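S.K.: For reference, the sequence and a predicted model appear below.
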Amino acid sequence: MLVDAERTSSGIFLVMSGVLLVETPHESYERGAGHVLGAWEKLDGSDDVRVTAQTDVRLVAVDRADYEAAVSG
């Protein structure tokens, strides 16, 4: 389990390899290599988001402060 209601994340994850399943109350979808997961996964307004690995995965994690510093220049 990467993200759920009790294990939230304040950063983003870049999927290097493998497949993740993102489940919200409204839909389920997979994300794989090249996709980025983060706070926007909760844009439906729900905190009930779960992200689980469907295969072995390799991720690059970037915390919120580093992400904001990179995008603000």
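M.R.: Happy to help now that I have it. Source: prediction; values computed, not measured.
S.K.: now the strands for the chain?
M.R.: In the chain, the segments counted as strands under DSSP state E are 12-17, 19-23, 28-32, 36-37, 50-53, 58-62.
S.K.: and residue 69, which of these is closest to it?
M.R.: Residue 69 lies closest, by Cβ to Cβ, to one member of the strands of the chain: strand 58-62, at 10.0 Å. Placement of C-beta: from N, CA and C, glycine included.
S.K.: which parts of the closest one are buried?
M.R.: 59, 62 (16 or more other Cβ atoms under 10 Å).
S.K.: Counting by contacts, list what that strand packs against.
M.R.: On a contact count with 3 or more Cβ pairs under 8 Å, 6 or more residues apart in numbering; DSSP states H and E, strand 58-62 meets strand 12-17.
S.K.: partners of the strand it packs on in the sheet?
M.R.: Looking at strand 12-17 with DSSP bridges, its partner strands are strand 36-37 (antiparallel), strand 58-62 (antiparallel).
S.K.: And those strands, which one averages the lowest pLDDT?
M.R.: Comparing mean pLDDT across the strands paired with strand 12-17, the weakest is strand 36-37, with a mean of 88.
S.K.: Tell me which of the strands paired with strand 12-17 approaches residue 48 most closely.
M.R.: Closest to residue 48 of the strands paired with strand 12-17 is strand 36-37 (Cβ to Cβ; 15.8 Å).
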